[in-house]
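Enquirer: can't give you the sequence, but here's the structure:
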């Protein structure tokens, strides 16, 4: 192993160590937050138990309602206490990792949908341009046809009226057959 290879390896380890240190710091911060959340949840559960007991004493809750309410509050308390253990923190970190994975998948799908939106917008603009070109072509054809009819009408108006009254032989019979 040459000196250069050793230097590259040392630089890589130093960079990786900094990243691993940052990951460790993030994991420890998450652990502290999960433990404090667990303590808060356990406190809410204990408070709920006390409220349920007092409500039962004052007759606000009957025996059955108090039993159900106190059971639910005990579950909340136990869940909060479990979150304070190392196993609870590990599960919370796994849940957090799964939530991050779901968020990443959602962000990727949004990025894909944004790219699709941009592509479809481009296609939509192309369709609008093509429709405008077709309408321009149709309008030009209609203008040419209108101009032609106007020219014919102008030429016809210059022909003397006696010439316009000339009919071909048998034309009158054709008109009658169309009416009958």
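Expert: Received, thanks. No experiment lies behind these values; they were computed from the predicted model shown. Numbering: from 1, shown residues only.
Enquirer: got the buried residues for stretch 56-74?
Expert: Within stretch 56-74, the residues that qualify as buried by neighbour count (16 or more other C-beta atoms under 10 Å) are 56, 61, 66, 69, 70, 73. C-beta coordinates here come from the backbone N, C-alpha and C atoms, glycine included.
Enquirer: Which helix or strand contains residue 128?
Expert: When elements are assigned from DSSP states H and E, residue 128 belongs to helix 86-158.
Enquirer: Which neighbouring elements make contact with that helix?
Expert: Identification of packing neighbours for helix 86-158 by 3 or more C-beta pairs under 8 Å, 6 or more residues apart in numbering; DSSP states H and E yields helix 3-57, helix 63-83.
Enquirer: ranking those helices by mean pLDDT, which is last?
Expert: Set side by side, the helices and strands packed on helix 86-158 give their lowest mean pLDDT on helix 3-57, at a mean of 79.
Enquirer: Pull the distance from stretch 66-80 to the chain's centre.
Expert: Distance of stretch 66-80 from its chain centroid, counting by C-alpha atoms, centre = their mean, to the nearest Å, is 39 Å.
Enquirer: Tell me how far the residue nearest to residue 66 when sequence neighbours are not counted lies from residue 70.
Expert: Ranked by C-beta to C-beta, 6 or more residues apart in numbering and with sequence neighbours excluded, the top spatial neighbour of residue 66 is residue 56, at 3.7 Å. Counting by C-beta to C-beta, to the nearest Å, the gap from residue 56 to residue 70 is 8 Å.
Enquirer: just the buried residues of stretch 56-74 now: which is nearest residue 49?
Expert: Closest approach to residue 49 among the buried residues of stretch 56-74 (C-beta to C-beta): residue 73, at 4.5 Å.
Enquirer: so who does the closest one touch?
Expert: Counting by C-beta atoms under 8 Å, 6 or more residues apart in numbering, residue 73 makes contact with 45, 46, 48, 49, 52.
Enquirer: what's in contact with stretch 30-48?
Expert: 69, 72-84, 88-89, 92-93, 96.
Enquirer: what do you get for stretch 54-64?
Expert: Applying C-beta under 8 Å, 6+ apart, the contact partners of stretch 54-64 are 52, 65, 66, 69.
Enquirer: could you redo those as a markdown table and give each row distance to residue 151?
Expert: What follows is the contacts of stretch 54-64, written out as a markdown table (distance: C-beta to C-beta, whole Å):
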| residue | distance to residue 151 |
| --- | --- |
| 52 | 97 |
| 65 | 95 |
| 66 | 100 |
| 69 | 94 |
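Enquirer: center of the protein - which residue?
Expert: To find the centre residue of the chain, average its C-alpha atoms and take the closest one (C-alpha atoms, centre = their mean): that gives residue 110, at 5.4 Å.
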